[in-house]
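Undergrad: Fold the following.
(2 chains)
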Amino acid sequence: MGTKDKVFQHSWLRPFATLAFVIVLATVFSPRDGGSPIFWRADNLANVLRQISDIGILAMGMTLVIISGGIDLSVGSLLALSCTIFAYCFTTFQAGYAAILGVALALGATSAFGLAAGAVITRLRMQPFIVTLAVMIGSRGLAKWLVGNATIAIGYDVRTKPVVDFIGQKAFVVPTFLMVTLVALILLNGTRFGRYLMAVGGSEDSARLSGINVTWVKIRVYLLSGLVAGIAGVLYCCETHQGDPKAGMAYELDAIAAAVIGGTSLAGGKGGIFGTIVGALALGILSNVLGLNSVDENVQWMLKAVIILVAVWLQLLGKKKTT
Amino acid sequence: MTIANGERGFLRFAIRCGAVVLCVVCAVGCGQKSAPGPESKASKTEGPATPAKKEFKIAFSQCNSAEPYRTAQNNIMKRDIAKYPDCELFIQDAQQDNAKQIAQIENYIQQKVDVLIVAPNEAAPITEPVKRAKEKGIKVVCLERNLLEPVYDIFVGADNVKIGEMAGQFVAEYVKSKGIQNPVVVEMKGLLGTKPQEERHNGARKFIDQISNVKVIEDVANWIQNEALKRMETILQANPHIDVVYAHNDPMAVGCYWAAKNAGREKEMIFVGVDGLGGPDGGIKRVLEGTLACTFYYPTCAAEGLECAVKLAHGEQVPKEMILEPARITKDNAQEWYNKVTVQ
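TA: I've put the predicted structure just below:
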């Protein structure tokens, strides 16, 4: 086997080809300000990172779920639920610990939904698509019902402003995203849970036969997905200064897109965190550069579709038909 | 597996990569050129021989172009930018997504536009990024929906409470002039939790609730014609007689009309809407046709907003606030208003 070819056999390396393309394109097509591309300005790069953080965080949970052979459609709605609960608690309770209580309740609620979804999927043997679809609809309803469809403005009075400004700033959002990524990376590649996850996704029956507690692995993965959706929700709330039950519409699809661009297979058992970072970055950079060029939003959607297909197609190449 | 096989795999990979780069280059290239196209073309019609130098960039961050009212804003701006040959206009649509609008404003800051016209999707999320734009020295025109803090150079808007009051007065006058005893009024509301909905409701109810023995039936149709139709069907079933339907926008009023017509009861009641947009699908046309008894012109603020933006670009002074007057449009003055506000 040629050495050149070996390079493309490394699964974690393949997604970077996609990223390299997008970055080259971004540089070429970025509008210029006095010769230097606006895209490469530190401000702008920080903007890109912040803009992908919410989806990126959701995508980390999504990647783990997809590797386990499932799917989680509820993350967008859970983001909204967390966003709403946090804002509601923080503005309703006056005590000094209101913010902490808000975060705890928000993360608790989304984790509980994740746990419930996982339990139903494994114990009642229902398909993940259907169960998480139900959670998506139900938790959105709950979020809207809690606040009567209203949105709660937050962070404009002396009490809430410092906390909201702190959590909502780039310097907090982006590191949180990186932390979640790091934890996901370690979980997947450095723990027994990660190895079990790969095994369950690869073949559930073999995993079960080799003594892995498949039920518990799966429940944990949906719980994690719910938890990170909760984290993303609190960040979203502070970034937008609003508890909004309509937030995060269709975010689950962007999270899935980021994961699949990064080479995670919907069939389960294959994928990685690096790939998902690349996927999220590729989507973020694309919409940033198109935005800088004032390209119509709908054209951006069409290009996104092309990028998804092409990225996945490119990844089929490094693979050999070994059988 | 042989080496030859591997090499061929690599070659195929390289070829596919090349093809992809080519395609994306073309696609982005096209997108890039077409983006400011309509605007710059429009401005060139002013002086075809010598296209003026675009000295100022004016960016419009629109919250949701899908609403007819906002499409009208976009069209008016695209039309009017031709009057200002030294200005270039960019329009981006946030499609009702706060996060998207924040990203767009951040992009405009990076592009160093001269003036930002913003129609905020919602006040709380959009205040911060607009504040940042202002801090970077970008002049800001806030259009129609207000922010939480006055971080703009000028607010151009209209008064929804007043428009509600005018509608309420119209309903009260109608009931009185017809001498209706025990009148039944349907109020079809817009999306709950939005400011125009609250204000159009509160304004109108100040007058409607004063009518003696009035019965008001409230329902919510989220600004959408089809939803109003379904809601109204139910209301028609439950109420043997209805006198007036007041909807918070024209499409909902039209939806109620269709429900009544399907039930053969459209003659029994009158329909009152709000917005008064021009064009063949706007509310004024519906008044001309007799579908609506009355609509209230809610100023689009677009022409005035753009004018202020141009003034700001040239360093001229503008007032901090400009509130435009609504108007009542009935059959008597509908043709005149139709001609006035329809954008070709």
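Undergrad: Only C-alpha atoms from now on, for both contacts and neighbour counts.
TA: OK.
Undergrad: In contact with the residue in the stretch 101-250 of chain B that chain A sits nearest to, which residues?
TA: Closest approach between the stretch 101-250 of chain B and chain A, counting by C-alpha to the nearest C-alpha: B:P125, at 4.0 Å. Listed by C-alpha atoms under 8 Å, 6 or more residues apart in numbering or on different chains, the contact partners of B:P125 are A:E239, A:T240, A:H241, A:Q242, B:N98, B:I102.
Undergrad: which ones among the residues you listed are found in strands?
TA: Secondary structure assignment by DSSP state E places A:Q242 of those in strands.
Undergrad: Can you tell me how far the residue of the stretch 101-250 of chain B closest to chain A is from A:V299?
TA: From B:P125 across to A:V299, the span is 25 Å (C-alpha to C-alpha, to the nearest Å).
Undergrad: Equivalent analysis for A:A259, please.
TA: In terms of C-alpha to C-alpha, A:A259 sits 22 Å off from A:V299.
Undergrad: between these two, who's got more neighbours?
TA: Ranked by neighbour count (other C-alpha atoms under 10 Å in any protein chain shown), A:A259 and A:V299 place A:A259 first, with 33 against 15.
Undergrad: Give me the mean pLDDT for the helix or strand containing the more buried one.
TA: Secondary structure from DSSP states H and E places A:A259 in helix A:251-261. Per-residue pLDDT values over helix A:251-261 give a mean of 94.
Undergrad: Smallest gap between chain A and chain B, at which residue?
TA: Among the residues of chain A, A:T240 lies nearest to chain B; the distance is 4.0 Å by C-alpha to the nearest C-alpha.
Undergrad: Can you list the neighbours in contact with stretch B:255-272?
TA: By C-alpha under 8 Å, 6+ apart, the surrounding residues in contact with stretch B:255-272 are B:167, B:225-230, B:232-233, B:236, B:241-247, B:250, B:253-254, B:291-295.
Undergrad: Check B:N239 and give its pLDDT.
TA: Note on B:N239: pLDDT of 91.
Undergrad: Tell me the residues on the stretch 101-250 of chain A that lie near chain B, please.
TA: Taking C-alpha under 8 Å from any C-alpha of the partner chain as the measure of proximity, the stretch 101-250 of chain A contacts chain B at A:N149, A:A150, A:T151, A:A153, A:I154, A:E239, A:T240, A:H241, A:Q242.
Undergrad: all helices of chain A, in order?
TA: Using DSSP state H, the helices of chain A run over A:3-7, A:14-29, A:42-67, A:75-92, A:98-123, A:128-147, A:161-168, A:170-190, A:192-202, A:204-209, A:214-240, A:251-261, A:273-292, A:297-318.
Undergrad: just the strands in chain B please.
TA: B:56-62, B:87-93, B:115-118, B:139-143, B:154-158, B:184-189, B:215-220, B:244-247, B:270-272, B:295-297, B:321-324, B:327-329.
Undergrad: and the first one, what does it pack onto?
TA: Yep, that's strand B:56-62 we're talking about. strand B:87-93, helix B:98-110, strand B:115-118, helix B:302-313 (3 or more C-alpha pairs under 8 Å, 6 or more residues apart in numbering or on different chains; DSSP states H and E).
Undergrad: What of the second one?
TA: Helices and strands touching strand B:87-93, as assessed by 3+ C-alpha pairs under 8 Å, 6+ apart, comprise helix B:37-44, strand B:56-62.
Undergrad: Lowest average confidence across the ones you listed, which one?
TA: Note on the helices and strands packed on strand B:87-93: helix B:37-44 shows the lowest mean pLDDT, a mean of 38.
Undergrad: quick one: low-confidence ranges for chain B?
TA: Chain B contains residues with pLDDT under 70 at B:1-52, B:344.
Undergrad: Farthest pair within the residues of the stretch 101-250 of chain A next to chain B?
TA: Farthest pair in these (C-alpha to C-alpha) is A:N149 and A:E239. Separation: 19.9 Å.
Undergrad: okay, the two: which has more neighbours?
TA: Remark: of A:N149 and A:E239, A:E239 carries more neighbours, 26 against 17, as counted by other C-alpha under 10 Å.
Undergrad: what residues does the stretch 151-300 of chain B put near chain A?
TA: Residues of the stretch 151-300 of chain B lying close to chain A (C-alpha under 8 Å from any C-alpha) are B:L192, B:G193, B:T194.
Undergrad: Brilliant, that's me finished.
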